[in-house]
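**Student:** Sequence plus the predicted model coming up.
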Amino acid sequence: MDATYALRQTILGQLQSGQWQAGARLPTEREFCEQFQISRTTVRKVLGELKSAGWLKQTVGSGTYVSERAPLAAPANGSSGLRQGVSPAELMQARLAIEPAIVDLVIGNGTVGDFDHMRLCCDRAEAATTHEEFEHWDAQFHEAIARAAHNSLVTNIFQMMNDARAQGEWGALKKKSLTPERRLAYQREHRELLNALRERDPGRARATATEHLLGIRRNLLNY
């Protein structure tokens, strides 16, 4: 795992675990440089990406802080509420039931900023040089769609599904099945879905989301 990816994952982990709440001040750029042995330019790039995604905010002369838009923290007992051992088949059933169904909410409530964040996720996934980085931005794209619904229950459900994606069985299957051709297909389908949402076309968006998920299921589970 490269240091840039490790820094990004560390920050996201602190946000999602609730260790850093809204308004909390992050370590300084210098501290991140020393901890991860990377340049200040690289640190600023990672912080800038997360700021553009709405997770962080920066105040000149003061520092970097957790945004009010940052994901909701897990419960105090450290559990996300997700039952351990969710199978890939269960996860795909849930995704097929839920993701196409929230299209109307996204089209009705999504903002230009939301669609820009989806585009950023597409850009980062396409530029990813490792499977782990691609999978991270792939998951963030789908979570960005959920966040664009601007419904806290939908957001929480998607965070739970991303927790399930982080479990070992899903990751192993995805890594085994992700050929270069399939990765290109996923990237193309993400762009098509983004365009349909941005153009406020519910029928095309639902159809694209469904076909995308059916393709993932075929590749992972062979049905």
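**Tutor:** Everything's here; your move.
**Student:** and the protein, what are its domains?
**Tutor:** Structurally, the chain divides into domains by automatic domain parsing as follows: 3-66, 88-221.
**Student:** can you list those domains in CSV and add mean neighbour count?
**Tutor:** C-beta coordinates here come from the backbone N, C-alpha and C atoms, glycine included. Compiled in CSV, the domains of the chain are given as follows (neighbours: other C-beta atoms under 10 Å):
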stretch, mean neighbour count
domain 3-66, 16
domain 88-221, 17
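**Student:** looking at these, which has the lowest confidence?
**Tutor:** Among the domains of the chain, domain 3-66 carries the lowest mean pLDDT, a mean of 85.
**Student:** Convert stretch 162-179 to CSV, retaining C-alpha atoms only.
**Tutor:** What follows is the C-alpha trace of stretch 162-179 in CSV, where atoms were taken according to Å, rounded to 0.1, in the frame of the first residue of the first chain:
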residue,chain,number,x,y,z
ASN,A,162,-19.8,-0.1,2.2
ASP,A,163,-18.9,-1.7,5.5
ALA,A,164,-20.0,-5.0,4.0
ARG,A,165,-17.9,-4.4,0.9
ALA,A,166,-14.9,-4.0,3.2
GLN,A,167,-15.2,-7.5,4.5
GLY,A,168,-12.7,-10.0,3.3
GLU,A,169,-15.0,-12.3,1.3
TRP,A,170,-16.3,-9.5,-0.9
GLY,A,171,-12.8,-8.0,-1.4
ALA,A,172,-11.3,-11.4,-2.4
LEU,A,173,-14.1,-12.1,-4.9
LYS,A,174,-13.8,-8.6,-6.4
LYS,A,175,-10.1,-8.8,-6.7
LYS,A,176,-10.2,-12.3,-8.3
SER,A,177,-12.9,-11.2,-10.8
LEU,A,178,-11.7,-7.7,-11.7
THR,A,179,-10.0,-8.2,-15.1
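**Student:** Isn't residue 36 up against residue 8?
**Tutor:** No: with contact defined as C-beta atoms under 8 Å, residue 36 does not count as touching residue 8 (10.0 Å).
**Student:** shared neighbours, these two?
**Tutor:** None of the residues lies in contact with both residue 36 and residue 8 under the rule C-beta atoms under 8 Å, 6 or more residues apart in numbering.
**Student:** got the residue ranges for the helices in this structure?
**Tutor:** Counting by DSSP state H, the chain forms helices over residues 3-17, 29-36, 40-52, 88-98, 103-109, 112-127, 131-148, 152-165, 168-177, 180-198, 202-221, given from the N-terminal end onward.
**Student:** Please consider this matter closed, and thank you.
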